[in-house]
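J.: got a structure for you, letters missing:
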């Protein structure tokens, strides 16, 4: 009898324990289910946030500066650059001690320097050296190439030139971009823009060769900023002139250098043959990208009116169409 | 009434309504077609779908809350769903009965012994759940980086507590426990630095492959009904076709045929839902067991045991499906009571820690492994056109249970199961094939998303689909873009007028427009005129192919007079070519002048700013082999980076 009632007592205790556990499980499951219950489901994505704003790098008070140096076939790129800068007060007029400088080059294609499709490594070396001489704390060379980035920096000779001068190279990676919105723009809205190398930068120098471009007519200093874009940038070709205009609205550089030593006259932007090139032996340095490009058009035997993006950029306030109104200093050297 | 009779009635009821829900999900006027039935109810009752989506999306969508009632009842009652409700269980039960009928009791008892392989379904469950929870796991692994303050504070407090417990000698082997705790913290923090949490979406919901309810719906919808329709009954009117239907049929029949040899094969060895219920039954209040006088071990209770749970031995509660067949006990010893079986009971499945670890690791690693082929990034499949309202691909694969409901309800039969070439992750998920069916994706139809039980295809409104009112800035939902294949198109390549595509383009203004061109027909040069009347020309000889040139698509021009308009040819009979009086020539050509005939072709172009990828053009194109206008998933709204138009 006692054993039976003991058994029953044990069974009852086990039953109560089990019941308690069961109720706890059921309650926990119900709690989780009700907490996470979502009656409406996923909603359509309406992105209302604006992208970041691209910072400006122009120096207040140092504006409307432009110098044009013309040499001959025997002139060296370095000499013409030094002269063009000297006219404007030297690199010291733009780069101060402690500055962190970004050199935005054209490294779009894995093309050797002789084909003139990319920024010449001599220019990269010289500008880096001059920045350091002016007291820059660091110099970074950056671009978002079209071809494989590492191949581009290598084959263009830009990586080697930077290394020799002590400058760093920034190779774009998946997480190097951030959505940017240009105020007043219709295309560059929440568009991925190269952001990682921009960190801590105080001065921005754009360096571009003079090239024909089959779609836009020419690729010079304004088109050079295309290399800051990420994402589906090839889509912008559907409205290329407006895109270049908005690039000029987005970027206000400290200084731009237009390398017209060898101009790609045909088959731009890749070219591919020496017969596409012509020695024009000109170096242009300035602070106004519209004015510099307006002059650069002449090296391609084109008029600014033939390049719609120039007038559009001027109308948008990105610079001056009539470069002569800047009183550029033109020098011819032997 | 015996309890097994009640069970049979319940099984029959749920099987019938399950089949009814499958049949009724179709558009039409017949009595057995769509009339507001809750056709997703059985899916919603399935808690594996609920749990899977809860882990993958951190939300329990809409009607999936029903799964909670199943869970709660299972916690109290045991695996009642398997024995009383699951339609696939009922089908297997019936097939098993047919197969076992002629066998002796001893043979049947042998087949119903517990097999170690019954643990495989638990591996399957853990594998799928881990795969679904992988994103959550990455979030947890990343905790030291994301919430480092909270993490290190908690770690410090934990260490202090453990040190105190050690000092007070409250726990055994305190130093080992502290070492373990420290090692875990260090490992966790280390992992958080290595694992890239920005590449989230390492999770995928693949429960639909083996979940019996998804399998059941898919088998009936994609295979059985169209099969019966095509071969026997013809109740759909138009044929319903499904790519890869054979693969679903093979799986379905294998499952049933196996039951002829081995009762409830799938339930016992493969079913992840059964495994889930098995784990939930641990604390069941009522359970099957032997009570009363001692058992003779005649094993009669096991002769029709469905779950292979061995009631004559220590009954395995996690395997018992509450079929109640064991109550045939000649001594009436078996009952469903609150007391545990006097033969003993085993509560949990036989899974070892090693098996657990392997299942979990496989679940976490498999998805990133599969996705290394770039199928969700640059190597995405352009022929994977998803229904309108589908979420972007990574999110879609977190929700789709491959139930085939969208394929069933689609009135035009364009929603098809994807096959292995699309990737193993996308097997049997819905993709559109416009060559099949009656029409392409209808402009004013939003059926698929409004039926999808997990919102893998969102329930969009008509306004959203068409880009009206509040959605007019966003524009209509685009599922792809049509491309004219000029090498195959009749007016582009074959000198034959057509433009069926343009006519059928449903949007307004149309996304297909035409440009007119006139070409000289093959093998035809200039013709000399005998006499010219105001509205007719007489030629020296009978004209070849008179019917052809009378078709209304041919025009006549005067050689050497390009400023004279092309005049439509109304009719050619014998030597007379009648011209339209609506277009005049200022001066009729003299005798001996030459004229030539041109065919007028309207050549189609696609306007990508208007095309929604509905595929009606592709469906209607008369070049029925490889169509001369084809839609690919380019420009689809659900992926911002697949856009084609700036």
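T.: In hand now; what should we look at? Small disclaimer: the values here were computed from a predicted structure and weren't measured.
J.: quick one: the strands in the stretch 51-200 of chain A?
T.: Assigned by DSSP state E, counting those that start in this stretch, the strands in the stretch 51-200 of chain A fall at A:66-70, A:100-104, A:138-142, A:168-170, A:177-180, A:191-194.
J.: ok, which of those strands comes nearest residue B:369?
T.: If you check each of the strands of the stretch 51-200 of chain A against residue B:369 by Cβ to Cβ, strand A:177-180 wins as the nearest, at 27.0 Å. For every residue, glycine as well, the C-beta is placed using N, CA and C.
J.: save the strands of the stretch 51-200 of chain A as CSV, and put in mean pLDDT and distance to residue B:336 too.
T.: CSV is the format used below for these (pLDDT from 0 to 100; distance: least, Cβ to Cβ, whole Å):
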stretch, mean pLDDT, distance to residue B:336
strand A:66-70, 96, 95
strand A:100-104, 98, 77
strand A:138-142, 97, 74
strand A:168-170, 97, 72
strand A:177-180, 96, 62
strand A:191-194, 96, 63
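J.: need the contact list for the closest residue to residue B:528 other than its chain neighbours.
T.: Nearest residue to residue B:528, sequence neighbours excluded (Cβ to Cβ, 6 or more residues apart in numbering or on different chains): residue B:594, at 5.6 Å. By Cβ atoms under 8 Å, 6 or more residues apart in numbering or on different chains, the residues touching residue B:594 are B:526, B:527, B:528, B:529, B:558, B:559, B:560.
J.: top of those residues by neighbour count?
T.: In terms of neighbours by other Cβ atoms under 10 Å in any protein chain shown, the contacts of residue B:594 top out with residue B:558 at 23 neighbours.
J.: before we move on, the earlier item: now the contacts of residue B:594 in JSON lines, with distance to residue B:294?
T.: Converted to JSON lines, those look like this (distance: Cβ to Cβ, whole Å):
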{"residue": "B:526", "distance to residue B:294": "112"}
{"residue": "B:527", "distance to residue B:294": "112"}
{"residue": "B:528", "distance to residue B:294": "117"}
{"residue": "B:529", "distance to residue B:294": "117"}
{"residue": "B:558", "distance to residue B:294": "115"}
{"residue": "B:559", "distance to residue B:294": "114"}
{"residue": "B:560", "distance to residue B:294": "117"}
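J.: part of a helix, is residue A:263?
T.: No: under DSSP: H, G, I helix; E, B strand; the rest coil, residue A:263 falls outside any helix and is assigned strand.
J.: which residues are in contact with it?
T.: The contact partners of residue A:263, taken as Cβ under 8 Å, 6+ apart, are A:116, A:209, A:210, A:211, A:277, A:278, A:279, A:280, A:299, A:300.
J.: what number of residues lie near the fourth one?
T.: Counted by other Cβ under 10 Å, the residues lying close to residue A:211 total 29.
J.: surely residue B:436 meets residue B:241?
T.: Yes: here residue B:436 reaches residue B:241: they are 5.2 Å apart, a contact under Cβ atoms under 8 Å.
J.: hang on, the earlier thing: so which of the strands of the stretch 51-200 of chain A gets nearest chain B?
T.: strand A:191-194 (10.0 Å; Cβ to the nearest Cβ).
J.: any stretches of chain A with poor pLDDT?
T.: A:1-4, A:334 (pLDDT under 70).
J.: next to chain B, which bits of it? Give me the list.
T.: Contacts of chain A with chain B, taken as Cβ under 8 Å from any Cβ of the partner chain, map to A:11, A:14-15, A:18-19, A:21-22, A:25-26, A:29-30, A:32-34, A:36-44, A:46, A:175, A:187, A:231-232, A:235-236, A:238-239.
J.: pull out the buried members of the residues you listed.
T.: In the residues of chain A next to chain B, burial by neighbour count holds for A:18, A:22, A:25-26, A:29-30, A:33, A:36-38, A:41-42, A:187, A:231, A:235-236, counting by 16 or more other Cβ atoms under 10 Å in any protein chain shown.
J.: of those residues, which belong to helices?
T.: Among these, the residues falling in helices (DSSP state H) are A:18, A:22, A:25, A:26, A:29, A:30, A:33.
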